[in-house]
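> no FASTA, just this:
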C-alpha cells in the first residue's frame, strides 16, 4: 500500500456531526488504532477512508482500490437489509432470510482476489460450519460479528477497517481474531477503532486520538511518554456519581420479601435436535447480585429471555419469577414491570426518532418511544440522568443521531430510571470508551449498594467485575459441559 494522505479535510455526517480540518498520513507498514471518547469522531475518521461523509473541503490521496470496513453501523445496515425482506414479502409468507453461506460468499462475484481457501480456513477456525445454512438474522450478536469479520478478511482487501472488532466476542474468540489479524499484517494495512486500551493488539504501530471532530494527537506507540500521556487523557475524571431518585408512585406492587426473585428448576431449551440448555437450576434472591458469563452460543441470551418471558419455551419449563409461577395466567407485562433491561438486541430495535429526554422517559412506560404523557417529576428525573451522562444541553437532540456508545449510555439510564427490582445488563459496556465504561461500571456498583435493585450483569470481560457483585454463574456450550 502507498502512503494515504488526508489534508485539510472537512466532512459532514448527517445533520449534527462534522469532522474538522483533518490532517493525517498513513505510511506503508503502519497499522493504526483510532481512539477517543464517545461521539468524538473516531468512527467517522475511519469511515472517510471508505468514502463515508459529505466532503466540504480538503483532499484524500493514495487510497487503495479495495477497502473493507466492519463496524456496528455496517452490522446494523446488514441486519436492516435482512429485516426489509420481511417488508417485501407478499401473501403472508415470512422470509427465512439469507443463509450465512451466501452472506460469506457475496464477495466471490465482486472481487477477483476473493480467497475461498481463506474463507474455509476462517469458518473452521471459528467453528462456524454448523451455522452455514442457517439464516443470518437468527445469529447472536457475537456470531453476526464473526461472520462480518470473516467475510471482510476473505475478500482480501488492501486496507481493512475494523470498528470495535472485539466487542461481542468471548475471550477465546478475541484471542483467535488478534492472532489472525497479526498473521495478515504483511498482506493488508489495518485501521482499528477501539475504545479499550487493553484491547490494542501488539502489532499496532500508531494511535490516533480524536476529540470533538478533530484529530488531536497521532502517537507512535513506541514513544512511551506520548503513549502514557494519551492513556491519561482517556481517563479524565468523571462526574461525581449520584444515582437520581425516582417517584415511589412509579414503583410496581411490592413483592413478598421471602420469595426469590427468580427460581429456575431443571431448565431445558432445545430447537429440534439441538439442545442449548439442559438441567439448569438457578435461584436469584433479593439483593443477591449476579455476574453471568460464558462464550458465544452458550445460551446466555436464551437464559435471560426465559426470565423476561420473551422465550416461547418459558411456558414448558419450571420458572418462578416475582411471585408468579409461569403458565398460571400471568401477563408478560406483570413480569416486565419489575425489570430494567439493556442489551445489544434492544439497541437494534430502538429505532424510533425521538429526543434524548424521551428515550429516558420511555423507561417509565416500558416502551420503545413515548406514547403516554409524562409527569413533571418524571421529566425532572430524566433531566437529572441527562446531566449525569453529560448530555444536559442535548435533551432535545434526536436519539438516532447519537454515536453507538452514547446510545448505549442513554439506554442504560432508561433501564435504571425506575430503580427496577431486577436490572438485567447484557454486555452493558459494549461499544463504550474507557471513560464511559468506568462511568457505567461505577453506576452499576452504586445500584448494587442502593439496596432496592438486584443486578444481573452479563459480560465477557473478567476485568469488568464489580465490587458489589459476589455471585457468579458460568455457562459453557452444552457439548463442553456436564448436565
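Arrived safely, thanks for sending. None of the values given here were measured: they were computed from a predicted structure. Numbers count the residues shown, from 1 in each chain.
> Now the element after the helix or strand bottoming out on mean pLDDT in the chain, going C-ward?
Ranking every helix and strand in the chain by mean pLDDT, DSSP states H and E puts helix 224-233 at the bottom, with a mean of 74. Counting by DSSP states H and E, the next helix or strand C-terminal to helix 224-233 is strand 262-271.
> Which positions in that next one come out as buried?
262, 263, 264, 267, 269 (16 or more other CB atoms under 10 Å). C-beta: built from backbone N, CA, C; applies to glycine.
> again with stretch 406-418
406-418.
> that older thread, which strands and helices sit next to the least confident helix or strand of the chain?
If you count contacts as 3 or more CB pairs under 8 Å, 6 or more residues apart in numbering; DSSP states H and E, helix 224-233 packs onto strand 206-211, strand 214-220.
> what's the angle from the shortest one to helix 224-233?
For strand 206-211 and helix 224-233, the angle between their directions (axes from the mean of the first three to the mean of the last three CA atoms, to 10 degrees) works out to 30 degrees.
> quick one: which of the buried residues of strand 262-271 is nearest to residue 206?
residue 269 (46.3 Å; CB to CB).
> And the pLDDT at the closest one?
Listed pLDDT for residue 269 reads 90.
> go on, residue 463?
67.
> just the one 3 residues further on next, same as before
pLDDT recorded at residue 466 is 84.
> Give me the mean pLDDT for the helix or strand where residue 445 lies.
Using DSSP H and E, the element containing residue 445 is helix 434-450. Averaged across helix 434-450, pLDDT comes to 77.
> What are the buried residues along that helix?
Neighbour count says helix 434-450 has 434-441, 443-448 buried, by 16+ other CB under 10 Å.
> now, which of the residues you listed sits nearest residue 151?
Closest to residue 151, out of all of the buried residues of helix 434-450 and judged by CB to CB, is residue 437, at 28.3 Å.
> what's the closest one in contact with, if anything?
195, 196, 429, 464 (CB atoms under 8 Å, 6 or more residues apart in numbering).
> again with residue 68
152, 153, 155, 157, 159, 160, 161.
> Ok, residue 219 next?
Going by CB under 8 Å, 6+ apart, residue 219 touches 206, 207, 208, 209, 226, 227, 230.
> picking up where we left off before, tell me which other helices or strands whatever helix or strand comes next after the helix holding residue 445 touches.
Downstream of helix 434-450, the first helix or strand assigned by DSSP H and E is strand 454-458. With contacts taken as 3+ CB pairs under 8 Å, 6+ apart, strand 454-458 sits against strand 290-293, helix 300-308, strand 422-426, helix 434-450.
> contacts for strand 454-458?
Taking CB under 8 Å, 6+ apart as the rule, strand 454-458 contacts 261, 284-293, 300, 304, 307, 421-428, 444, 447-448, 466, 468-469.
> Can you report phi and psi for residue 33?
Main-chain torsions, residue 33, degrees, to the nearest 10: phi -110, psi 130.
> What about it, how many residues nearby?
24 (other CB atoms under 10 Å).
> how close does it get to residue 209?
Distance, residue 33 to residue 209, using CB to CB, to the nearest Å: 10 Å.
> Same question for residue 286.
Going from residue 286 to residue 209 by CB to CB gives 44 Å.
> hey, what's residue 262 bridged with?
In this entry, residue 262 is beta-bridged to residue 284, residue 321, by DSSP bridges.
> I figured it hits residue 306, correct?
No. Residue 262 is beyond contact range of residue 306, at 9.3 Å (criterion: CB atoms under 8 Å).
> what touches both of those two?
Contacts common to residue 262 and residue 306, judged by CB under 8 Å, 6+ apart, are residue 319.
> hang on, the earlier thing: distance to residue 324 for the helices and strands packed on strand 454-458 - can I get that in a markdown table?
As requested, the helices and strands packed on strand 454-458 are arranged in a markdown table below (distance: least, CB to CB, whole Å):
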| stretch | distance to residue 324 |
| --- | --- |
| strand 290-293 | 20 |
| helix 300-308 | 12 |
| strand 422-426 | 13 |
| helix 434-450 | 24 |
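> Neighbour count: residue 286 and residue 209, which is higher?
residue 209 (21 against 17).
> need the contact list for the spatially closest residue to that one that is not a sequence neighbour.
Closest residue to residue 209 apart from its sequence neighbours, by CB to CB, 6 or more residues apart in numbering: residue 217 at 4.2 Å. Residues near residue 217 by CB under 8 Å, 6+ apart: 207, 208, 209, 226, 230, 233.
> Excluding residues flanking it in the chain, which one is nearest residue 405?
residue 38 (3.4 Å).
> wait, is the one you found part of a strand?
No. Read with DSSP: H, G, I helix; E, B strand; the rest coil, residue 38 is coil and lies in no strand.
> Tell me the spacing between it and residue 337.
From residue 38 to residue 337 the distance is 30 Å (CB to CB).
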